[in-house]
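[1] when you get a sec, could you give me coordinates for this:
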Amino acid sequence: YVKCVDANDISKELYKFKTPSGIIGNLNTWQYKGKQYIGVLSGIGGWAGIGLAAGLEKDTDGLGAVGGYKELKNYTELGGVLTVFVLP
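    The predicted structure is shown next:
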């Protein structure tokens, strides 16, 4: 989830959004033409993601991650989703 809270009271939730998969990057923020945007990358990454990387097929590749996560390719694909929000 991406969750936004009040800077003055972090127990006060302002917004929550379930991303399509686990978050694999930091939240980013930028301004364009007077509006502020927030973006976050979600998908398969880290240790599990190496098992889906192109060209790795042996169970021992990726320090054993390919073998440890070989069934993951039956449930997902390599790649991710960039979700972007515009702030009011």
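
[2] just the strands in this structure please.
    Assignment of strands within the chain using DSSP state E yields the ranges 2-6, 9-17, 28-32, 35-43, 80-86.

[3] most packed of those?
    Looking across these with neighbours counted as mean count of other C-beta atoms under 10 Å, the highest average goes to strand 35-43: a mean of 15. Placement of C-beta: from N, CA and C, glycine included.

[4] so for that one, mean pLDDT?
    The predicted model gives strand 35-43 an average pLDDT of 94.

[5] quick one: that strand to strand 28-32, angle?
    Taking axes from the mean of the first three to the mean of the last three C-alpha atoms, to 10 degrees, strand 35-43 and strand 28-32 form an angle of 140 degrees between their directions.

[6] just send the strands of the chain back as a markdown table, with distance to E71 too.
    A markdown table is the format used below for the strands of the chain (distance: least, C-beta to C-beta, whole Å):
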| stretch | distance to E71 |
| --- | --- |
| strand 2-6 | 28 |
| strand 9-17 | 29 |
| strand 28-32 | 32 |
| strand 35-43 | 17 |
| strand 80-86 | 20 |
